[in-house]
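**Student:** the following comprises the amino acid sequence and a computationally predicted model.
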Amino acid sequence: MTIPIFLIGLERATGRARLMEQELQKAGLSATRVNAIDCDAATRQDFLRDCREEGPWGYFHTKDMACTLSHAKAWEALIASGAEQALILEDDVFLTPELADWLNNPSWWPPDADIVRFERWRSTKLYVALGRKGSSHLGRDLRQIRSRYPGGAAYALTRKAAQHFLAQKPFDITLDGLLFNPSASAAARQVNIYQVIPAMVEQGNEAPGEVQMGAPRQRPTGWPLFRQKVRRGIAEIDGGVRTIANLALGRATLEKIDYAPQVLPDAQPNQTSTA
């Protein structure tokens with residue numbers, strides 16, 4: 001069964017939509033459009049019907065609420081589609097043409113995986129703790145993530161995982177915090193997350209005039225700012241302890257995630273192996 005794609009984007013971001021259509025065509029893929037929730041089209045009070053003012057990561061910015069709720073729409077679309085998994089994409093990414101082979105034959109999916117990340121976060125200094133064991137498919141590895149890893153522009157998740165995260169409403173944390181920060185998100189601690197290495201998707205496919213669309217994030221002041229700093233500090237310490245424990249016990253190694261548009265010569269046969 002082919003893994004479908006749900007592409008999240010603002011209706012008014014027509015330049016991004018054109019670029020993503022070109023990117024999908026080059027990769028031989030198609031996607032179902034999910035219109036993102038526009039933070040400029042509603043008040044903060046409107047968002048507070050489905051989100052909380054603050055959470056385990058501190059003050060919840062309105063712009064981040066809109067992002068999390070937009071992904072929730074994509075999870076609902078996955079459930080409604082009847083598919084067992086779906087790839088969720090944001091509308092500012094580059095795709096490797098090799099992605100089509102992965103989506104057309106998901107036999108590589110790890111049996112215990114709830115989420116598989118295809119994205120590389122663009123920081124050149126970031127290291128991620130990855131489980132030592134994994135599998136290989138078409139020249140790339142799949143290894144379990146054992147630390148926080150920011151970003152949410154390209155990940156596949158199961159129906160069960162979509163239901164799990166939708167059950168967290170009202171949301172109280174950023175999208176990548178909810179999915180990929182086990183120190184700040186109880187929901188993230190309850191799922192198994194894998195990373196494709198080298199990554200097959202990278203952000204940066206921006207249309208002129210549509211970079212960082214929407215109102216800027218508003219920094220909290222006073223007591224909310226103090227609470228945010230305390231909560232994030234506690235989460236960072238907790239995350240550091242978890243990572244050090246995994247490294248010390250030999251469960252994980254620290255790795256940099258690279259992006260590679262191509263890792264195989266043309267016409268490489270479809271093979272899956274276990275490492």
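**Tutor:** Good, I have the coordinates. Numbers count the residues shown, from 1 in each chain.
**Student:** which element, helix or strand, includes the spatially closest residue to residue 250 that is not a sequence neighbour?
**Tutor:** Beyond its immediate neighbours in the sequence, the residue positioned closest to residue 250 (Cβ to Cβ, 6 or more residues apart in numbering) is residue 132, lying 6.9 Å away. Glycine gets a C-beta too; all of them are placed from N, C-alpha and C. With elements delineated by DSSP states H and E, residue 132 resides in strand 128-137, which encompasses its position.
**Student:** for that strand, packing partners?
**Tutor:** Strand 128-137 makes packing contacts with strand 140-145, strand 193-197, helix 222-248, strand 252-255, strand 272-274 when contacts are defined by 3 or more Cβ pairs under 8 Å, 6 or more residues apart in numbering; DSSP states H and E.
**Student:** ok, and the closest non-adjacent residue to residue 224?
**Tutor:** residue 59 (5.1 Å).
**Student:** repeat for residue 220
**Tutor:** If the residues on either side of it in the chain are set aside, residue 220 comes closest to residue 59, at 4.1 Å by Cβ to Cβ, 6+ apart.
**Student:** what's that neighbour in contact with, if anything?
**Tutor:** If you count contacts by Cβ atoms under 8 Å, 6 or more residues apart in numbering, residue 59 has them with 53, 220, 224, 225, 227, 228.
**Student:** partner residues bridging it?
**Tutor:** Applying DSSP bridges to residue 59 yields these beta-bridge partners: residue 54.
**Student:** now the strands: where do they sit in the stretch 1-150 of the chain?
**Tutor:** Listed in chain order, the strands of the stretch 1-150 of the chain (DSSP state E, counting those that start in this stretch) span residues 5-9, 32-35, 54-55, 58-59, 85-90, 93-95, 115-117, 119-120, 128-137, 140-145.
**Student:** pLDDT averaged over the fourth one - what is it?
**Tutor:** Taken as a whole, strand 58-59 carries a mean pLDDT of 88.
**Student:** then the second one?
**Tutor:** Strand 32-35 shows a mean pLDDT of 98 in the predicted model.
**Student:** ok, residue 69 touching residue 37?
**Tutor:** Yes. The pair residue 69 and residue 37 passes the contact test of Cβ atoms under 8 Å, sitting 4.9 Å apart.
**Student:** which residue of those two possesses the greater neighbour count?
**Tutor:** For residue 69 versus residue 37, the count of surrounding residues by other Cβ atoms under 10 Å is larger for residue 37: 21 against 18.
**Student:** distance of the more buried one relative to residue 221?
**Tutor:** 26 Å (Cβ to Cβ, to the nearest Å).
**Student:** one step back: using CSV, lay out the strands of the stretch 1-150 of the chain together with distance to residue 73.
**Tutor:** As requested, the strands of the stretch 1-150 of the chain are arranged in CSV below (distance: least, Cβ to Cβ, whole Å):
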stretch, distance to residue 73
strand 5-9, 8
strand 32-35, 5
strand 54-55, 20
strand 58-59, 23
strand 85-90, 10
strand 93-95, 18
strand 115-117, 17
strand 119-120, 19
strand 128-137, 28
strand 140-145, 25
